[in-house]
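>>> One predicted model, sequence on top.
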Amino acid sequence: MTSRVTQEVSLPILHALLDYYAEQGTDYNLADLADVAISEWLQRQRAANKPVEPKRFVWKTVFLPDGTRFG
């Protein structure tokens, strides 16, 4: 059994969640629906905060970082 905690949410967010719940006719209960919403938000945040690899060009054993210029 999963432990549960209580968390306050703003009234507009609660209304939006209840409206969605009513429209979708989902099998989730409200606690599970909140878990899914928070989990998906966390996944998007983690994906958005992944470091971007710098552009580079590798030729044989030569590494040229992004911004390299030849004179």
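On my side now, so go ahead. In this text, all values refer to a predicted model and were calculated from it rather than measured experimentally.
>>> neighbouring contacts of the strand or helix carrying residue 13?
Secondary structure from DSSP states H and E places residue 13 in helix 11-24. By C-beta atoms under 8 Å, 6 or more residues apart in numbering, the surrounding residues in contact with helix 11-24 are 9, 28, 30, 33-34, 37. In this view, the C-beta of every residue, glycine as well, is placed from N, C-alpha and C.
>>> Check which helices and strands whatever helix or strand comes next after that helix sits against.
Sequence order places helix 30-48 as the next helix or strand after helix 11-24, per DSSP H and E. Helix 30-48 sits against helix 11-24, with contacts defined as 3 or more C-beta pairs under 8 Å, 6 or more residues apart in numbering; DSSP states H and E.
>>> orientation of the helix it packs on relative to helix 30-48 in degrees?
Counting by axes from the mean of the first three to the mean of the last three C-alpha atoms, to 10 degrees, helix 11-24 points 110 degrees away from the direction of helix 30-48.
>>> Using PDB, write out every CA atom in helix 11-24.
Coordinates of each C-alpha in helix 11-24 appear next as PDB, following Å, rounded to 0.1, in the frame of the first residue of the first chain:
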ATOM      1  CA  LEU A  11      -9.000  26.300  -6.000                       C
ATOM      2  CA  PRO A  12      -8.700  26.900  -9.800                       C
ATOM      3  CA  ILE A  13      -6.300  24.000 -10.100                       C
ATOM      4  CA  LEU A  14      -8.600  21.700  -8.100                       C
ATOM      5  CA  HIS A  15     -11.500  22.700 -10.300                       C
ATOM      6  CA  ALA A  16      -9.500  22.100 -13.400                       C
ATOM      7  CA  LEU A  17      -8.500  18.600 -12.100                       C
ATOM      8  CA  LEU A  18     -12.100  17.800 -11.200                       C
ATOM      9  CA  ASP A  19     -13.400  19.000 -14.600                       C
ATOM     10  CA  TYR A  20     -10.800  16.900 -16.400                       C
ATOM     11  CA  TYR A  21     -11.700  13.900 -14.100                       C
ATOM     12  CA  ALA A  22     -15.400  14.300 -15.000                       C
ATOM     13  CA  GLU A  23     -14.800  14.800 -18.700                       C
ATOM     14  CA  GLN A  24     -12.500  11.800 -19.200                       C
END
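>>> Good, we can wrap up now.
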